[in-house]
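Q: Sequence and predicted structure below; questions after.
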Amino acid sequence: MDDLRFRPARAGEGPRLRPLWQECFGDSKDFWEVYETFAFSPQQVELGFWEETLCAMMTLLPGTLHTQAGTTKKAACIYGLATLPHYQGRGAATALLKRAVERLKDGELNCVAVVPDTSELYPFYAKALGAETAFYIRFAEKERKSLPKAHMFPRPIGADGYVDLRRRALKGRNFMEWGGRLVEFQRQISQGEGGGLFSFPQAPQCCAAAEIDEEGRLQVRELLGPEEALEGCLAGLMDMLGCQRAQVRLPPWSQALGGEKEPFAMVSGRPVPAGEEWYLGFDFA
């Protein structure tokens, strides 16, 4: 641990992170170009070094946490926490998380969220970040033949329009709001997988982020709108993108498509009010 040192990233340093990310996550050059354009910001990226070797990194994606009471909190979501395999087990990830906690103590942030990749990571983040489960999703699987004839037809939409639709759809709920730059990050990710961000002219309060996975399934990263419109919106998305099966993430309070309520993310810096449901939305994957 004594040989580890940490600092924020510097302007123009994005390309230096590519080998670390590639070895840890295997993402393509196309992904990295999108990350550097829309998600990399020097003040939001923390780096770890073993002697002169860049061995660990963490990005803090900025957001605004809205509450049912109408208040807002300065928030961030931990993203791309990674340590090179040779340097794992030396405390680099824990030290980076503690740097996020320092931002809470300094008042720069009111809360920090994190999406555990596996259930085994929940205890790790509870200990290292002082986090507790706060955000949930409703996860549903659907086949096209189980849905009605499409009458809600999707139309691609830009990031700014999506931000506005999303804010209106979630008004009065506990949710994380993402700015236009990060929503564009998600749009680029989804578009690279044959999808994108969508509105529905026949259901003007609805919006969705969707893409197609390697098995040809529709992966709906987010579907928002009035309950009575969601089946039709999903049917329209499946027809437009040519998918017969879909996996759909919805807010935890949604019942329109069935499915199971599941834990999705944790948070540090804010007690979780008993009985309240919180929604994060994207995980930018």
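A: Cool, the structure landed.

Q: sec struct for L257, please.
A: Of the three states, L257 takes coil under DSSP: H, G, I helix; E, B strand; the rest coil.

Q: isn't it right up against G232?
A: No: L257 is beyond contact range of G232, at 11.2 Å (criterion: C-beta atoms under 8 Å). From N, CA and C alone the C-beta is placed, and that goes for glycine too.

Q: got the phi/psi numbers for L4?
A: phi -90, psi 140 (degrees, to the nearest 10).

Q: That one is in contact with G91, isn't it?
A: Yes: applying C-beta under 8 Å as the test, L4 and G91 come out as touching, 6.8 Å apart.

Q: Now for the residue nearest to S268 when sequence neighbours are not counted: which residues touch it?
A: Among residues not flanking S268 along the chain, A131 sits closest, at 4.2 Å (C-beta to C-beta, 6 or more residues apart in numbering). A131 makes contacts with V112, V114, Y125, M266, V267, S268, as judged by C-beta atoms under 8 Å, 6 or more residues apart in numbering.

Q: Buried subset of these, written for PyMOL?
A: The buried residues among those can be selected in PyMOL (16 or more other C-beta atoms under 10 Å) with this line:
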select buried, resi 112+114+125+266+267+268
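
Q: could you dump the contacts of A131 to CSV with secondary structure?
A: What follows is those, written out as CSV (three-state DSSP):
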residue, secondary structure
V112, strand
V114, strand
Y125, helix
M266, strand
V267, strand
S268, strand
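
Q: Out of the contacts of A131, which comes closest to Y35?
A: V114 (17.8 Å; C-beta to C-beta).

Q: Name the secondary structure element that contains the closest residue to the closest one other than its chain neighbours.
A: Of all residues not flanking V114 in the chain, I78 sits nearest, at 4.2 Å (C-beta to C-beta, 6+ apart). Assigned by DSSP states H and E, I78 belongs to strand 72-83.

Q: quick one: the next helix or strand after that strand to chain centroid distance?
A: Using DSSP H and E, the helix or strand that directly follows strand 72-83 along the chain is helix 92-105. Taking the mean of its C-alpha atoms, helix 92-105 sits 19 Å from the chain's own mean (C-alpha atoms, centre = their mean, to the nearest Å).

Q: Many thanks, we can stop here.
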